[in-house]
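[1] Pasting a predicted model and its sequence here:
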Amino acid sequence: MTLVTALTHVLPHRLLSSVARRLAYSDHPRLRRWLVDTVVARFGVDLSEAAQSDPAAYATFNAFFTRALRPGVRTPDADPETLVMPADGRVSQCGVIARDDDGSLRIFQAKGRSFTAGALLGDDDAAEAFAGGVFATVYLSPKDYHRVHMPWAGRLRKTVHVPGRLFSVGPDAVTGVQGLFARNERLVCHFDTGFGPMAVVMVGALLVSGVETVWSGEEIPAYGETVTVKDYRGEDIALDRFEEMARFNYGSTVIVLLPAGVATLDPDLGPEVAVRLGQRLARLLAPARPA
């Protein structure tokens with residue numbers, strides 16, 4: 001664990017993220033341009049893929065960070081029986097949601113590190129639907145496209161805003177902070193699909209803690225103190241495979257959970273594998289019914 005990661009255990013996470021948010025939404029011309037130019041140069045952002053390729057054209061740093069892509073830059077896998085990658089980024093981990101000796105359903109984080117599906121979802125009963133299923137954790141770096149799209153067509157059932165810390169989710173924190181993704185503030189999105197339940201978890205992080213959805217706008221912040229559940233049954237919010245569902249104001253990590261017997265992960269996926277929105281995440285084992 002590096003000194004920076006060690007310090008995040010004692011830093012005022014939400015205060016720092018609130019300050020960063022004010023900077024990100026500032027329309028001060030010099031500050032905005034300095035922030036954009038610094039990130040483009042430091043992380044090698046490819047603005048040729050953006051709908052707006054001129055870095056000076058963005059009204060705020062957040063507008064730059066949540067930039068849209070040009071039509072056709074990302075396309076869904078041509079096989080209609082595949083679930084698609086929800087975001088650009090890098091696979092942190094992927095694999096089976098296995099039951100431990102104590103009966104808990106565990107998700108692998110890094111060597112010597114894991115967390116339970118119940119803790120991640122904020123609900124042990126909801127986690128049971130994914131027993132023996134598969135998960136994929138995708139880390140979005142500052143250079144990546146920061147909108148998250150649907151792996152498969154689904155109808156929104158509910159969201160769960162789970163309060164927590166705002167640790168960094170970079171590689172050092174993943175290996176150094178036990179239960180990282182189940183400790184950070186997050187928005188859990190539950191969908192009903194033609195193959196059963198699907199969960200897409202938007203995980204916040206230090207300085208990158210904002211989450212918006214296409215159906216209700218900004219969800220984080222405000223930062224939570226208690227678990228907040230919103231029931232969307234009856235509102236008929238249906239999203240297609242590959243359709244945009246949410247975005248990070250800055251960036252972070254998205255985790256997809258699927259039930260057992262539904263799909264097999266693409267064999268080329270593994271830790272630290274770079275991925276792009278729309279490529280194959282998994283393939284269905286049997287055709288799905290309409291959502």
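    Received the coordinates, thanks.

[2] Quick one: residues contacting the residue lying closest to Arg247 once chain neighbours are set aside.
    Nearest non-adjacent residue to Arg247, counting by C-beta to C-beta, 6 or more residues apart in numbering: Arg147, 4.4 Å away. All C-beta spots, glycine's among them, are computed from the backbone N, C-alpha and C. Contact partners of Arg147, counting by C-beta atoms under 8 Å, 6 or more residues apart in numbering, are Thr66, Ala68, Ala87, Glu244, Ala246, Arg247.

[3] how about the helices in the stretch 1-150 of the chain?
    Along the stretch 1-150 of the chain, counting by DSSP state H, counting those that start in this stretch, helices occupy 3-7, 13-24, 29-43, 61-65, 117-121, 124-127.

[4] Make CSV out of the ones you listed and add distance to Arg283 and mean neighbour count.
    Output for these, formatted as CSV (distance: least, C-beta to C-beta, whole Å; neighbours: other C-beta atoms under 10 Å):
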stretch, distance to Arg283, mean neighbour count
helix 3-7, 36, 12
helix 13-24, 38, 16
helix 29-43, 32, 14
helix 61-65, 32, 22
helix 117-121, 22, 24
helix 124-127, 24, 16
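
[5] which residues of the stretch 101-250 of the chain score low on pLDDT?
    Where the stretch 101-250 of the chain drops to pLDDT under 70, the residues are 208-209.

[6] what's near enough to touch Gly133?
    Val96, Ile97, Leu257, Leu258, Pro259, Ala260, Gly261, Val262.

[7] So which of those are in strands?
    Val96, Leu257, Leu258 (DSSP state E).

[8] distance of the last one from Gly154?
    Distance, Leu258 to Gly154, using C-beta to C-beta, to the nearest Å: 11 Å.

[9] Pull up the overlap in contacts between the two.
    Contacts common to Leu258 and Gly154, judged by C-beta under 8 Å, 6+ apart, are Met198.

[10] Those two - which one has more neighbours?
    Ranked by neighbour count (other C-beta atoms under 10 Å), Leu258 and Gly154 place Leu258 first, with 28 against 25.

[11] Do you know the pLDDT at the more buried one?
    Reported pLDDT at Leu258 in the predicted model: 98.

[12] what's across from the closest residue to Val229 other than its chain neighbours in the sheet?
    Distances taken as C-beta to C-beta, 6+ apart place Val160 nearest to Val229, at 5.3 Å, with adjacent residues excluded. Beta bridges link Val160 to Val188, Val229 when assigned by DSSP bridges.

[13] Tell me if I'm right that Val160 and Gly224 touch.
    No: between Val160 and Gly224 there is no contact under C-beta atoms under 8 Å: 10.0 Å.

[14] I appreciate the help and will end here.
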